[in-house]
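# Coordinates for the following, if possible.
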Amino acid sequence: MDPDVYAELAPEDGSSTAFTVAELSRDPGPVTANMKAPVIQNHVPRSDIEVVFDPDRYSTEYRVD
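Numbers count the residues shown, from 1 in each chain. As a prediction, this is how the structure comes out:
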């Protein structure tokens, strides 16, 4: 990741939070999360961005169970 982009997404003051989207089903099965494109919420200045990581390294269906 570009160091300038990383600095914007993860400020040293800890004012950002990362979220992933998890998929649950009614049928018993694996719980998965989209680790390829988490949403980063910067608390100051209150902005959100979805970051798409390397598609060969991360999955949209990462098993978390």
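# going forward, measure contacts between C-alpha atoms and count neighbours the same way
Fine.
# I40 touches I49, doesn't it?
Yes: taking C-alpha atoms under 8 Å as the definition, I40 is a contact partner of I49 at 5.4 Å.
# which of those two has more neighbours?
Neighbours around I40 and I49, counted as other C-alpha atoms under 10 Å, are more numerous at I40. The numbers are 18 against 13.
# Next up, the contacts around that one.
Applying C-alpha atoms under 8 Å, 6 or more residues apart in numbering to I40 gives the contacts L9, S16, T17, A18, F19, D48, I49, E50, V51.
# So which of the residues you listed belong to strands?
Per DSSP state E, strands hold the following members of the contacts of I40: S16, T17, A18, F19, D48, I49, E50.
# just to revisit the earlier point, just the closest of the contacts of I40 to P30, please.
Nearest to P30 among the contacts of I40 is F19, at 19.1 Å by C-alpha to C-alpha.
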